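> Sequence unavailable; structure follows:
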């Protein structure tokens, strides 16, 4: 049970961060009059109509009209120490709740910083609304050489699904609704509006009902269904299959299709492989579970792909986590039913037999309706064989976790943390090899409880992600499981955590190095250069920020240390001293990075090494 925080923490200001925060409706007589609003007030009204739950950013002078409007509106706002964290936090809100949040950046450097976090949202297909300011209309596009000049529209264009410059406040309803439609329709993703500073301050008179438009009037809320022919073709392939395999991706989570997916797995007697974006669609103790995350999950994953005669991919893009040196695990000789709402994900990189361009939940519902409750002709030993392969792999991990040498084995640390996490905890996996160990040894019970950044693999995203999850779920314990190198990128957000009383517990696998890079240097060219991170006391840094901090040197101390951290009521850092040892999946991960390299080196003298 979480205890009350100490007086110093209670004194900190914290806005209403409830995910159910809804602005109070105005009186009918007040709604009947025309409204004269600034551009910033107009923007906030439009966001409230969409139900945007939270805003993140760094306060800046050119943002003043928008900050004033947010303060008056009651929209919860968290002021961060770096704009990259703001974009990461907005991405985390969508990953954790399916709702779109706002991240803001001042013109110039603010937009540059925002771009780093925008990549996390873009590569992982997570919706977010990014707002930047720019010079006045008289001094921008083209810019005239003032300080902080930047073509922010061009900078963020490659990292967003859609972006635009707002040069007239009268276009705000149209452009904001377009941005929201683009962000939330089809494949989700971040969108960006660059708004001139004088547009934010300009006044416009609106009809009273302008802001009563429901989202269903400017974007479709329906679930796109597959064609009848696609359902029929997929059902026929499933009836003929002897060794079916189900791969679940982030689209399955976004659509809320995990229940339907488990029903399909039960009917087929099929193993399920969730990707890193679908952790928890089947629990780690589910009878169909053989590992999650693709090639980092052990031998059962490769065996499943090699032995399957049919693959049913649900909201999965077959990213490089599902590759080896030959390319995607899904081979041409196998039948593939590919379900994805995004047409660009169909036929590339894996060739399909039947494509179902549809919402994952709608497609599975239609597919289940087309299939009988019992499907004869299965290979009854298919799933048990893969489960045995998985069990052998898990025993190997347990042997590693039993290592009791003076410096903690990373498996021992990861196992101790996994066992100590409360059942309702949310956890973020950040870092290099740290994520591999956490992926294997942290139990997962449900979707949207474990989070990773497989798309951009941006070190340091973990703390901002965890803080946003804590803000959206104030009554649940939230953990950031990270490496010492990764933590260094965003540790300044401990200040944000303390100011907003977000008691996230960060657990650092501190091997005092860029461990993966050091290992690679030694193996490739037998050298070591600039990989040491020795001598930093992250627990002391946490205390300097006004947070709880401890150094932990033994895996047996982990449960008590976590209890003390949670009891403090403060954001906490457990600096766990561990050694670097390669994860068992490291060779497989390396093989993915060799995809195509051999072909290049054989193609001519220019590629010889």
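Cool, got the structure. From a predicted model like this one, the values you see are computed outputs, not experimental measurements.

> how near is the closest residue to residue 420 other than its chain neighbours to residue 548?
Excluding its sequence neighbours, the residue lying closest to residue 420 (C-beta to C-beta, 6 or more residues apart in numbering) is residue 559, at 4.4 Å. Where C-beta positions appear, they are placed from N, C-alpha and C, glycine not excepted. Taking C-beta to C-beta, to the nearest Å as the measure, residue 559 falls 16 Å from residue 548.

> So for these two, which sits in the more crowded spot?
Neighbours were counted for residue 559 and for residue 548 using other C-beta atoms under 10 Å; residue 548 has more, 24 against 14.

> Quick check: phi and psi on the more buried one?
Dihedral pair for residue 548: phi -80, psi 140, per degrees, to the nearest 10.

> For residue 465, see how far away it is.
From residue 548 over to residue 465 the distance is 20 Å, taken as C-beta to C-beta.

> and what of residue 507?
Separation of residue 507 from residue 465 (C-beta to C-beta): 14 Å.

> and what of residue 94?
Residue 94 is 11 Å from residue 465, by C-beta to C-beta.

> who's more crowded, these two?
Neighbour totals were compared for residue 94 and residue 465, and residue 465 leads with 30 against 24 (other C-beta under 10 Å).

> With adjacent residues omitted, what lies nearest to that one?
residue 92 (4.1 Å).

> okay, now the one you found: neighbour count?
Using other C-beta under 10 Å, residue 92 has 32 neighbouring residues.

> now swap in residue 366 and tell me
22.

> Give the bridge partners for residue 549, please.
Taking DSSP bridges as the rule, residue 549 bridges to residue 573.

> list the helices and strands the strand or helix carrying residue 399 packs on?
Assigned by DSSP states H and E, residue 399 belongs to helix 382-401. Packing partners of helix 382-401 (3 or more C-beta pairs under 8 Å, 6 or more residues apart in numbering; DSSP states H and E): helix 299-307, helix 410-420, helix 433-441.

> wait, which of these is closest to residue 536?
Comparing the helices and strands packed on helix 382-401 against residue 536 with C-beta to C-beta, the closest turns out to be helix 433-441 (16.0 Å).

> Tell me the strands beside the very next helix or strand once past the closest one, with direction?
Next in sequence after helix 433-441, counting helices and strands by DSSP H and E, comes strand 450-451. Strands that pair with strand 450-451, judged by DSSP bridges, come out as strand 426-429 (parallel).

> roughly how far is the strand it pairs with from the heart of the chain?
For strand 426-429, the gap between its own C-alpha mean and the chain's C-alpha mean amounts to 10 Å (C-alpha atoms, centre = their mean, to the nearest Å).

> which residues touch that strand?
Applying C-beta atoms under 8 Å, 6 or more residues apart in numbering, the contact partners of strand 426-429 are 92, 96, 421, 435, 438-439, 442, 449-452, 461-462, 465-466, 469-470, 473, 476-482.

> For it, which residues meet the burial criterion?
Neighbour-count burial for strand 426-429 flags 426, 427, 428, 429 (criterion: 16 or more other C-beta atoms under 10 Å).

> do the same with stretch 584-593
Of all the residues in stretch 584-593, those buried under the rule 16+ other C-beta under 10 Å are 584, 585, 586, 588, 589, 592.

> now the first one: how far from residue 400?
Right, the one you point to is residue 584. For residue 584, the distance to residue 400 - C-beta to C-beta - is 8 Å.

> that older thread, pull the distance from the helix holding residue 399 to the chain's centre.
Counting by C-alpha atoms, centre = their mean, helix 382-401 comes out at 28 Å from the chain centroid.

> And the average pLDDT for it is what?
Mean pLDDT, computed over helix 382-401, is 97.

> what number of residues lie near residue 580?
Neighbour count of residue 580, defined by other C-beta under 10 Å: 19.

> Now do the contacts for it.
By C-beta under 8 Å, 6+ apart, the contact list for residue 580 reads 410, 433, 511, 513, 515, 518, 519.

> with these in mind, which one is nearest to residue 369?
residue 433 (43.9 Å).

> just the contacts of residue 580: which has the poorest pLDDT?
residue 433 (83).

> And the helices in the stretch 451-600 of the chain?
Listed in chain order, the helices of the stretch 451-600 of the chain (DSSP state H, counting those that start in this stretch) span 462-472, 484-490, 493-499, 515-525, 538-544, 558-567, 586-593, 597-601.

> can you redo those as JSON lines with distance to residue 179?
Below are the helices of the stretch 451-600 of the chain laid out as JSON lines (distance: least, C-beta to C-beta, whole Å):
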{"stretch": "helix 462-472", "distance to residue 179": "20"}
{"stretch": "helix 484-490", "distance to residue 179": "26"}
{"stretch": "helix 493-499", "distance to residue 179": "26"}
{"stretch": "helix 515-525", "distance to residue 179": "37"}
{"stretch": "helix 538-544", "distance to residue 179": "38"}
{"stretch": "helix 558-567", "distance to residue 179": "39"}
{"stretch": "helix 586-593", "distance to residue 179": "35"}
{"stretch": "helix 597-601", "distance to residue 179": "40"}
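
> between these, which one is nearest to residue 186?
helix 462-472 (23.8 Å).

> residue ranges with poor pLDDT in this structure?
Applying pLDDT under 70 to the chain flags the ranges 1-31, 332, 593-609.

> Roughly how far does residue 427 sit from residue 321?
19 Å.

> right, I mislabeled it, should have said residue 132
Computed as C-beta to C-beta, the residue 132 to residue 321 distance reads 32 Å.

> So these two - more neighbours on which side?
Ranked by neighbour count (other C-beta under 10 Å), residue 132 and residue 321 place residue 132 first, with 31 against 23.

> after the strand or helix carrying the more buried one comes which helix or strand?
In the assignment (DSSP H and E), residue 132 maps to strand 128-134. Using DSSP H and E, the helix or strand that directly follows strand 128-134 along the chain is helix 152-156.

> list the helices and strands that next one packs on?
Going by 3+ C-beta pairs under 8 Å, 6+ apart, helix 152-156 lies up against helix 109-123, strand 128-134, strand 162-166, strand 190-196.

> Tell me the strands beside the second one, with direction?
Meaning strand 128-134. strand 102-105 (parallel), strand 190-196 (parallel).

> Would you reformat the ones you listed as a markdown table and include distance to residue 47 and mean neighbour count?
Compiled in a markdown table, the strands paired with strand 128-134 are given as follows (distance: least, C-beta to C-beta, whole Å; neighbours: other C-beta atoms under 10 Å):
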| stretch | distance to residue 47 | mean neighbour count |
| --- | --- | --- |
| strand 102-105 | 6 | 28 |
| strand 190-196 | 11 | 28 |
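
> quick revisit: can you state the direction angle for the strand holding residue 132 and helix 109-123?
160 degrees (axes from the mean of the first three to the mean of the last three C-alpha atoms, to 10 degrees).
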